[in-house]
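Peer 1: would you be able to build a 3D model of this:
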Amino acid sequence: MSTSRLAFLAAGVAAAAAAFSLAVAAPASAASEPEPVGGGESSPSVSLRDVGLFKPDGDDPHLSGGDVSAHGWWKENHGPATHADVTVRLQIKRGNSWAYVGKTGKARVTVGGGRGKRATGRAKCKNTNNHQWRSIVDVDIVGYADPPDKKIVGPKTLECGV
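Peer 2: Below you'll find the model as predicted:
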């Protein structure tokens, strides 16, 4: 499990424990009308049950019909969530940095990957020069708080320039 995911889970547990302590220690009249936290903004409550354990995943960028294509999905669902919004963005290396190119792929899918269970990002090739490509896969579990982790897939050298 990644360090950022562990930190996110620890923060959620700490927040839940603090909320429980306040609720137990507060008088009955105060418990019925909780004070807003952080100036009144609302934020989703986080618990280990809500987060569940899942992994964003994807395949290497590859050539497909004159385009570079990459797919993204989620797997290993160990929680109550049934759907996720998956986003896939392609990047090409230009000098020492990466630049977003092409069409962002977005799809609401069930766990697993494969046909109908993944999002597809695409970029049209304009030449056959060698370039390094990678994809960024973001998975947002529908209806639940989840960590902001993104999976970087690649790099892969392909005969495609944009």
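
Peer 1: in stretch 135-144, what's buried?
Peer 2: Using 16 or more other Cβ atoms under 10 Å as the test for burial, stretch 135-144 gives 135, 136, 137, 138, 139, 140, 141, 144. Any C-beta I mention is one placed from the backbone N, CA and C, and that applies to glycine too.

Peer 1: just the ones of the residues you listed in strands?
Peer 2: Among those, the residues falling in strands (DSSP state E) are 135, 136, 137, 138, 139, 140, 141.

Peer 1: which among the residues you listed gets closest to residue 160?
Peer 2: Minimum distance to residue 160 across these is 13.4 Å, recorded for residue 135 (Cβ to Cβ).

Peer 1: the closest residue to that closest one other than its chain neighbours pairs with what?
Peer 2: Leaving aside its chain neighbours, residue 135 sits nearest to residue 70 (3.6 Å; criterion: Cβ to Cβ, 6 or more residues apart in numbering). Beta bridges link residue 70 to residue 121 when assigned by DSSP bridges.

Peer 1: quick one: the helices in this structure?
Peer 2: Here the chain has its helices, by DSSP state H, at 3-25, 28-32, 48-51.

Peer 1: comparing the ones you listed by mean pLDDT, which bottoms out?
Peer 2: Mean pLDDT is lowest for helix 28-32 among the helices of the chain, at a mean of 35.

Peer 1: flag the shaky bits of the chain, pLDDT-wise.
Peer 2: Applying pLDDT under 70 to the chain flags the ranges 1-52.

Peer 1: go again with 90.
Peer 2: 1-55, 76-81, 143-149 (pLDDT under 90).

Peer 1: how close does residue 119 sit to residue 158?
Peer 2: Distance of residue 119 to residue 158, given as Cβ to Cβ, to the nearest Å: 20 Å.

Peer 1: looking at the two, which has the bigger crowd around it?
Peer 2: Shown here are residue 119 and residue 158; by other Cβ atoms under 10 Å, residue 119 has more neighbours (24 against 20).

Peer 1: isn't the more buried one right up against residue 71?
Peer 2: Yes: the criterion here is Cβ atoms under 8 Å, and residue 119 meets it with residue 71 at 6.9 Å.

Peer 1: give me the common contacts of those two.
Peer 2: 88, 105 (Cβ atoms under 8 Å, 6 or more residues apart in numbering).
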